[in-house]
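**Student:** Could you work out the structure for the sequence below:
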Amino acid sequence: MVFCFKKCVEINNVFKLNLIAASVIFTIGCSPQDAAAEPKPDIFKSETFLTWDRDAQEFYIRTSVGMAGLIAARNDKAHGKCLEDWYFTDESAANSSIIAVMKDYPEYHPRGVIVAVMEKRCGSIIYAER
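**Tutor:** Residues are numbered from 1 along each chain as shown. Now for the predicted structure:
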């Protein structure tokens with residue numbers, strides 16, 4: 001009976017983690033701000049992001065890359081490691097490279113730019129097409 005209880009708790013914890021990950025993916029996927037689409041006049045753009053102070057910019061980028069890395073690691077450990085090694089080895093350089101691209105593409109959503117830079121560095125995040 002104890003074994004069954006421990007196994008049920010373990011399964012419940014895995015279910016909760018998968019539910020959280022699915023919720024995050026659903027929220028990002030259903031966002032009305034399509035990061036990969038052509039620029040739209042009413043969405044958050046990199047030009048606005050670039051007016052933020054550097055600490056706020058770095059926090060936004062860090063959380064975006066961190067979440068992408070977590071999702072990547074659950075789908076392809078090598079891809080997750082690539083993102084982690086690239087970004088967290090030298091956050092300042094990675095942030096600067098992302099911000100430089102935002103300056104070149106100010107009409108795009110910051111998430112779209114972050115994803116584009118991550119994909120250029122470590123490959124596609126579309127795991128179904130791999």
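**Student:** How many residues are close by residue 120?
**Tutor:** Counted by other Cβ atoms under 10 Å, the residues lying close to residue 120 total 10. Every residue, glycine included, has its C-beta placed from N, CA and C.
**Student:** ok, now how distant is it from residue 59?
**Tutor:** For residue 120, the distance to residue 59 (Cβ to Cβ, to the nearest Å) stands at 22 Å.
**Student:** outside of the strand or helix carrying residue 116, which residues touch it?
**Tutor:** Counting by DSSP states H and E, the element that carries residue 116 is helix 110-122. For helix 110-122, the surrounding residues in contact (Cβ atoms under 8 Å, 6 or more residues apart in numbering) are 33, 35-37, 44-46, 49, 60-61, 64-65, 68, 72, 79, 82-83, 86, 97-98, 101-102, 105, 125.
**Student:** how about that helix as PDB, C-alpha atoms only?
**Tutor:** C-alpha atoms of helix 110-122 as PDB (Å, rounded to 0.1, in the frame of the first residue of the first chain):
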ATOM      1  CA  PRO A 110      10.400  41.500 -28.700                       C
ATOM      2  CA  ARG A 111       9.500  37.800 -28.300                       C
ATOM      3  CA  GLY A 112       9.700  37.300 -32.000                       C
ATOM      4  CA  VAL A 113      13.200  38.800 -32.000                       C
ATOM      5  CA  ILE A 114      14.300  36.700 -29.000                       C
ATOM      6  CA  VAL A 115      13.000  33.500 -30.700                       C
ATOM      7  CA  ALA A 116      14.800  34.400 -34.000                       C
ATOM      8  CA  VAL A 117      18.100  35.000 -32.200                       C
ATOM      9  CA  MET A 118      17.700  31.800 -30.200                       C
ATOM     10  CA  GLU A 119      16.900  29.800 -33.400                       C
ATOM     11  CA  LYS A 120      19.900  31.300 -35.200                       C
ATOM     12  CA  ARG A 121      22.200  30.300 -32.400                       C
ATOM     13  CA  CYS A 122      20.800  26.800 -31.500                       C
END
